[in-house]
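Peer 1: Predicted model, plus sequence, below.
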Amino acid sequence: MSQATIAPSWTGSGRGGPLYELGLVLRLMARNPAGLAGFIAVVLIVLLSVVGPLFIPLDMTMNPAKIYQPPSWTYPLGTDYQGRDVWSQIVHGGQSVLLIAFLAALMSTLIAVTFGALGAFAGGWVDGVITFVTDVFLTIPTLPLLVVLSAFIKLNSLPLLSVIIGALAWPVLLRSVRSQVLSLKERDYVEAARALDLGTRHIIGAEILPQMLSYIVISFVLAMRTAIYAQTALIFLGLVPLSGNNWAVMIQLAWVRGAVFFRDSLFYILSPVLAIAVVQLALVTMTRSLEEVFNPRLRTGG
Amino acid sequence: MRGSQEARSSTRVTETLPPDVVLSVRDLSVEYAARRGAVKAVRQVSFDLRRGESLALIGESGSGKTTLALALIRLLTRSARISSGQVLYQRNGRAFDVLLLGAEELRRFRWQECAMVFQSALNALNPVMKVWDHIQDTSRAHDGAGRGEIQRRAHDLMRLVQLDPGRVLGAYPHQLSGGMRQRVLLALGLLLDPQVIILDEPTTALDILTQRAVIDVLRRLKHELGFSMIFISHDLSLAAELADRIGTMYAGRIVELGDVNEIFYRPRHPYTLGLLKAVPTLAGDVAGLSSIPGSPPDLIHMPSGCKFHPRCPYMVGSCVESEPELFKVGERHVSACFRWQDVHRETETARQ
Amino acid sequence: MSVESVALPRPAVGPSSVGRLARLVGGSFVLRSLLKAIATILIVTTLTFFLVRLLPGSPVEVYIQTLMGQYSMTYDQARDQASALYTIDLDSPLYVQYLGYLAHLAQGNLGTSLLSQGTPVSDIILRFLPWTLFCIGTALLVSFSLGIGLGMILAYRRESTLDHVFTALASVTSSIPEYLIGLLLVVFLGIQWSLIPIAAMRGSMSPGMQPHLGLDFLIDALFHAALPITTYVLGTIGVWTLTMKSSTIAALEEDYVTVARARGLRDSRIRNAYVGRNAILPLVTQLAITAGYVVGGAVVIERLFVYQGIGYVLSSSIDQRDYTVMQGVFLTITLAVIFANLLADMLYGRLDPRIRLAGGGG
C-alpha cells in the first residue's frame, strides 16, 4: 500500500474483484431509485450514441414523397422534412452532443477544481483574487457572452465549441469546490496530517482530494448538463456552423424549416427535444445516486 | 399578565391533589420508535412537585431526563409516544391532566403555566428578531397586556437577570454572548409568571464565571418569585446549590428520590452513591474519587431485573431476576434498590 | 447535500495586511458589493471594447472594408464613418480610444446602429428593453411567489403524496432547458391540440397597437407575453420550490422553532416569523443568480416566440452583423444583471441582521 493516509478511506473492504465492487456500487445507487434510473438512462444513451451508429446507418436518401411520415415499422420515429429516417438521425446525433458536453465539462471541472482548491488552501491574497475573478464572471450572463463571442470566433469545430463553453461554465463549480475544500481543511485528519508534517502536496493529494472525489464527479456531471444547455441554445440560435449530426442541429433545422408548425412533423421535432430533455434529466437525477455512493455516512448503513 | 385558563371539565380529574402540590407526575412512560425496536426512554416515572419547591433530576446522558421534561409540556418529536401515565397540574384548586389537553389549551398552558428553558440558548432565539420582539411575541400569544406594561415588565425582568435593558432589549441574538442569551431566555421564561419552570442543563454550555452568575440569579429569583422549579442536570454540585429535592434517574426511571440533605448524606441507592463519589470536593481526598464502571444500557434491549445491576457493586442474585420498585427508605425518601439498607457513604466528606 | 443545493457562502474577506480602507470596505457588506459591481462593469466594457477592436475579423475593420467595397469609399472616408458609428476615434492611440469610449458610455452614448443609419443604439435599447423587463419581471414575480408557497407546503407535508408528486415535478422541470419547455408548449398547446392561438400571440404587440397607458394595451401586452412568461415560470418554479422546501425543513429543525412552540406561540406566527422568515434567506441569494440566468435565456426564448425584447435584438443584431447594437445590448444585459445582483445583495443585507450588523459587540 502507498503512503498511509489519515483520512477515512473511500472504498469499503477492498476484498472481492472489480465485479463485486461494481455490484456494491449499484446496490448503493439503488437506494435512490430515481437516481439509479437516471444512471441507467445515461449509460444506455451513451451506449446508443457510441455503438448505435455502427449498426444503424444514417439514412441519407432524400425522398420528397415521404416527408413527415408518422412512425411505422420502417421509420420508427417517422421521417423529416426531406423524407429521411428520424430514428437513424437520433442514433447518430448523440455522439456530438455528448462529446462536446464531455470536453467542456472536463475543462470546467479542471479549472474549477484547480483554482477552487488552490484558493481555499492558499488563502490570503491568492484566494482573494480567485474569488474576485470568480464573482465577476459569475455576474456576467453566460449565454449572452457566448452569443457575443460566437460573432467573433467561428465556432465551426467541435473542440473549439467545447473549449469556449468550458471556459465560461466554471464559476459556479469553483465556488462549490472552494467552499468544500474550506470545510475539509478544518477537519481533524487534516490537522493531524499537518501536525505530522506531511507536506502540502501530500495533504491536498492524499487527504483532501479523495474526500472531494464525490464533489468532483458530481460537479463534472452537472457541468455536462450546463454544456448541453449552452450548446443547444447556441445551435438553436443558428450561431454555430457545425456540420454533421447533432440533436440540437436537428431541432434547429426543424425550426428553420417551420417543422414546428406542422401537425404531421410532431415526431420529427419531438424526438431530438425529448432526447436532450431525457439526457439532462438523467444527468441531474444520476447525481443523487452518486451522493449515495460517495457519502460514507449513508453507506455504512446506520 | 396572568390569564385565566379554565380547564375543560373533561380533563378535570376526579381525585384532588393536596393543595400545595402544583405538579404530580404519575407512571409516565415515553417510547421512541427506532429501526431496531422501541426505545424506552422514560419508564413509569412518578413524582410530586410542591409549590415553591425545586427538584433536581440528575443522571447521565441517555437517562431520559430531557425526554421526561419535554414530555411534561408535550414537546416531543413525532417519533416519540407517551405510552402511559398522567401529568396532573393544579392551579387555584383545579387540577387537570396536561396529557389530555386539546391543542389550543396546550398552547396556552405552555409558558404561561409551565415554562421550559433549554440548555445552550445559542440558537434558542430567532436570529432575525430582536430580544424585545421575542418578548412582545410571547406576550401577544397569551393575551398580553398593553405595550406600556410589557415594556415595564421587560425592563424589570432584564434587571432581575442582571442584564442591562437598554443594551439587551434592542439587540439581535447574535450580538449577545452565550451567557447573556441564556439569561434572556430565563427572563423570557419568567415573563408570564408561570407556576413551574423547567430548566434543562441551565449551566452546562457556559463558562465558570457565567455559571456562577446564572446560579446566583436563579437562587435569588426562586426566593423572590416563589415559583416551583425542575432542573435537569448531570451536575450534582449544581443540585447541591439550588435544589430542595433530588431525584436520580437511570435508564429512564427514577431510582432514588429525596430531600437534598438526605441524598447527599444518606444516599440509599448504589447509583446515587456512585455519582456522589465521582464528584471531587475542594478539600476532599482525591484518592477517594471513583467513577462508575461500565456504561449506560441499551435502551432498546435492556438488561433483565434492575437495569443498573451490571455496574453495581452491591449486586446479588435477586437483582437480575426482578426490577425493584421504589421502597420507602426515609422521610420523603425512596430508593429502588433491594439492598438499600447496605448502602451508605463509607467516606464522609469534610464538613465545611 | 448535492452540489447544487449547497448554500453558496459569501466569499471570504480579502487580505488582512492592507490598510484601513481595505478593512472598511471588507467590513461593510454593502460597500463590497458595490465595489464588485463597479469592477464587473469596468471589466465587461473593457472586454467588449477590445473584442470589437482586436479580435481577428474585427468588426470595425470588416465594416471599413465593406464600406470601401460597397460605396467605393477611400480607406480614410470609411474609417471616419466607422469611427463615428462605433464612437471610437480611430486615429488616436488605443488607450485614448478606450478612454474616449468609456467617456461616451458614461454619457449614455452607445454608438449608432450600423444598419439603420442615424439611429442611436441607446434608442433601440430603450425601445425594446422594457418589453423584456416586463416579461421577465412578471415571470419572476409569479414563479417566486408560487415557488416559495409551494416549497413551504411541501416541507410541512413531508413524505406525503403531494410532496412526492410535486418534488418530482419540480425536479423534472428544473432539469430540462427552459427553451425546450417553451418549444414543447408551442408544439403541443399550439399546434397539436390547438388550445392557444399561436399565430396571434407572436410578437410583443398586436399589429396596429401603440404603447399607451390603457387597460387594452396592458391586456394585449399580457396576451403576447403569456407564452414567454409561462415558459420562464415553468423553468424556474422548480428551483424555488425545491430550495424553499429544503430551507424550510432546515428551519423547522432549528432550536428557536422548538422554543417558540414551548413559548406557546401560535402555529401561524411560527410559520411566518420564525420558519418562513429564516427559510427565505437563501432564496434571496438565489434570486440574483436566477435573474442573470433567466435574462440569458431570454435570448433564446424571445427568438422562439418572436417576442421583440432585448434578447431578440441581440440575436438578430448578430445575424445582421450590426455590431454596434450587439455591443450596446450586451452591455445593457450585463448591467441589468449586475444591478439585479446588487439589489439582491442589498435585500439580503436588510433581511439578515447578522450580515447587516456584522461585528456587533457580544
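Peer 2: Structure received.

Peer 1: C-alpha from now on. contacts and neighbour counts both.
Peer 2: OK.

Peer 1: and B:R220, how many residues sit next to it?
Peer 2: 14 (other C-alpha atoms under 10 Å in any protein chain shown).

Peer 1: same thing with B:F327?
Peer 2: Around B:F327 there are 15 residues (other C-alpha under 10 Å).

Peer 1: B:A154 too?
Peer 2: 22.

Peer 1: average pLDDT for the helix or strand hosting it?
Peer 2: Assessed by DSSP states H and E, B:A154 sits inside helix B:147-160. For helix B:147-160, mean pLDDT rounds to 88.

Peer 1: List the buried residues of it.
Peer 2: Buried residues in helix B:147-160, counted by 16 or more other C-alpha atoms under 10 Å in any protein chain shown: B:150-151, B:153-158, B:160.

Peer 1: And stretch A:37-52, by the same measure?
Peer 2: So for stretch A:37-52, counting by 16+ other C-alpha under 10 Å, buried means A:37-39, A:41-42, A:45-46, A:48-50, A:52.

Peer 1: Next: stretch A:104-117.
Peer 2: A:104-113, A:115-117.

Peer 1: so who does the residue of the stretch 201-350 of chain B found nearest chain C touch?
Peer 2: Proximity of the stretch 201-350 of chain B to chain C (C-alpha to the nearest C-alpha) peaks at B:T210, 13.8 Å away. B:T210 makes contact with B:G179, according to C-alpha atoms under 8 Å, 6 or more residues apart in numbering or on different chains.

Peer 1: Also B:S228?
Peer 2: Taking C-alpha under 8 Å, 6+ apart as the test, what B:S228 contacts is B:22, B:49-54, B:195-197, B:222.

Peer 1: Quick check: the gap between the residue of the stretch 201-350 of chain C found nearest chain B and C:V284.
Peer 2: Of all residues in the stretch 201-350 of chain C, C:Y256 sits closest to chain B, at 4.1 Å by C-alpha to the nearest C-alpha. Distance of C:Y256 to C:V284, given as C-alpha to C-alpha, to the nearest Å: 22 Å.

Peer 1: And B:E53, by the same measure?
Peer 2: With C-alpha to C-alpha as the criterion, B:E53 and C:V284 are 50 Å apart.

Peer 1: And for C:A170?
Peer 2: With C-alpha to C-alpha as the criterion, C:A170 and C:V284 are 19 Å apart.

Peer 1: same thing with B:V39?
Peer 2: B:V39 is 41 Å from C:V284, by C-alpha to C-alpha.

Peer 1: For B:T16, give me its contacts.
Peer 2: So B:T16 contacts B:A95 (C-alpha under 8 Å, 6+ apart).

Peer 1: sec struct for it, please.
Peer 2: coil (DSSP: H, G, I helix; E, B strand; the rest coil).

Peer 1: Can you give me the end-to-end span of stretch B:191-205?
Peer 2: 23 Å.

Peer 1: which other residues reach it?
Peer 2: B:1-2, B:22, B:51, B:66, B:69, B:111-120, B:135, B:139, B:153-154, B:157, B:182, B:189, B:211, B:214-215, B:227-234.

Peer 1: Just the ones of those residues in strands?
Peer 2: B:22, B:114-117, B:228-233 (DSSP state E).

Peer 1: And the helix or strand following the helix holding B:A154, how far out from the chain middle?
Peer 2: The element immediately downstream of helix B:147-160 (helix or strand, assigned by DSSP H and E) is helix B:165-168. With C-alpha atoms, centre = their mean, to the nearest Å as the basis, helix B:165-168 stands 29 Å off its chain's centre.

Peer 1: Can you point out the buried residues in helix B:165-168?
Peer 2: So helix B:165-168, judged by 16+ other C-alpha under 10 Å, has buried residues B:165, B:168.

Peer 1: ranges for the helices of the stretch 51-200 of chain C?
Peer 2: C:59-71, C:75-86, C:94-106, C:121-156, C:161-175, C:178-185, C:198-201 (DSSP state H, counting those that start in this stretch).

Peer 1: Residues contacting stretch B:267-278, please?
Peer 2: Against stretch B:267-278 from outside (C-alpha under 8 Å, 6+ apart): B:236, B:248, B:255-256, B:263-264, B:288-292, B:308, B:312-314, B:329, B:335-337, B:340-345.

Peer 1: repeat for stretch C:255-262
Peer 2: B:73, B:75, B:107, B:110-111, B:115-116, B:118, B:123-126, C:251, C:267, C:270, C:274-275.

Peer 1: just the helices in the stretch 151-300 of chain B please.
Peer 2: Under DSSP H, counting those that start in this stretch, the stretch 151-300 of chain B gives helices at B:165-168, B:178-190, B:208-225, B:236-242, B:260-265, B:270-277.

Peer 1: Need the winner for burial among these.
Peer 2: helix B:178-190 (a mean of 24; mean count of other C-alpha atoms under 10 Å in any protein chain shown).

Peer 1: For the stretch 1-150 of chain B, give me the ranges with low pLDDT.
Peer 2: B:1-15, B:120 (pLDDT under 70).

Peer 1: Could you list the residues of it in contact with chain C?
Peer 2: Contact residues, the stretch 1-150 of chain B versus chain C (C-alpha under 8 Å from any C-alpha of the partner chain): B:73, B:75, B:106-112, B:115-116, B:118, B:123-128, B:137-138, B:141-142.

Peer 1: from memory B:F338 sits against B:P324, does it?
Peer 2: Yes - using C-alpha atoms under 8 Å, B:F338 makes contact with B:P324 at a distance of 6.3 Å.

Peer 1: The helix or strand hosting C:L314 vs helix C:121-156, what angle?
Peer 2: For C:L314, the host element (DSSP H and E) is helix C:310-319. Put simply, helix C:310-319 runs at 130 degrees to helix C:121-156, going by axes from the mean of the first three to the mean of the last three C-alpha atoms, to 10 degrees.
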